[in-house]
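[1] 3D model of this:
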Amino acid sequence: MNSNIKSILVLGSGCPSCKKLHGLTMEAAKELKITTEVEYSSDIQKLIDTGMMSSPVLVINDKPVLAGNFHDIEKIKELLSAHNI
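    Here you go, the predicted model:
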C-alpha cells in the first residue's frame, strides 16, 4: 500500500509502557498495510521538543498525536488511518 505517512515515531524512556506502545504501533501499522518503519527513540530532547508532558508519545509525520500510558490498538489504528488519507 502506498502510504501518506512519512514517519512514525514512538518516544519514551524505555519503560514497559513505552515498549508496549511501540509494539502495538508496529502491529497496527502491519494490520493496516502501512509500510513506513515504526521507529523508537529514547532521546529525551526529542521528547521535550514535542511539548508533551507525559510519555510515551506517538508522533506521526512529525506531529505528536498521542501521549501517556495508552494501550488501545484500535485507537492507534484510527490515528494511523486518519494520517494515511
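
[2] CA atoms for contacts and neighbours, from now on please.
    Fine.

[3] Any stretches of the protein with poor pLDDT?
    Along the chain, segments meeting pLDDT under 70 span 1-2.

[4] which helix in it runs the most residues?
    helix 16-31 (DSSP state H).

[5] Tell me which strands the next helix or strand after that one pairs with, and in which orientation.
    Following helix 16-31 in sequence order, the next helix or strand is strand 38-41 (DSSP states H and E). Paired strands of strand 38-41, with direction, are strand 8-11 (parallel) (DSSP bridges).

[6] So what touches the strand it pairs with?
    Surrounding strand 8-11, the residues in contact under the criterion CA atoms under 8 Å, 6 or more residues apart in numbering are 18, 21-22, 36-43, 46-47, 55-62.

[7] now stretch 77-85
    3, 4, 5, 25, 28, 29, 32, 60, 65.

[8] Could you tell me how far it lies from the centre of the chain?
    Average the C-alpha atoms of stretch 77-85, do the same for its chain, and the two points are 11 Å apart (CA atoms, centre = their mean, to the nearest Å).

[9] Stretch 65-77 too?
    Average the C-alpha atoms of stretch 65-77, do the same for its chain, and the two points are 8 Å apart (CA atoms, centre = their mean).

[10] again, but for stretch 56-64
    For stretch 56-64, the separation from the chain centroid amounts to 6 Å (computed by CA atoms, centre = their mean).

[11] Nice, that's everything, thank you.
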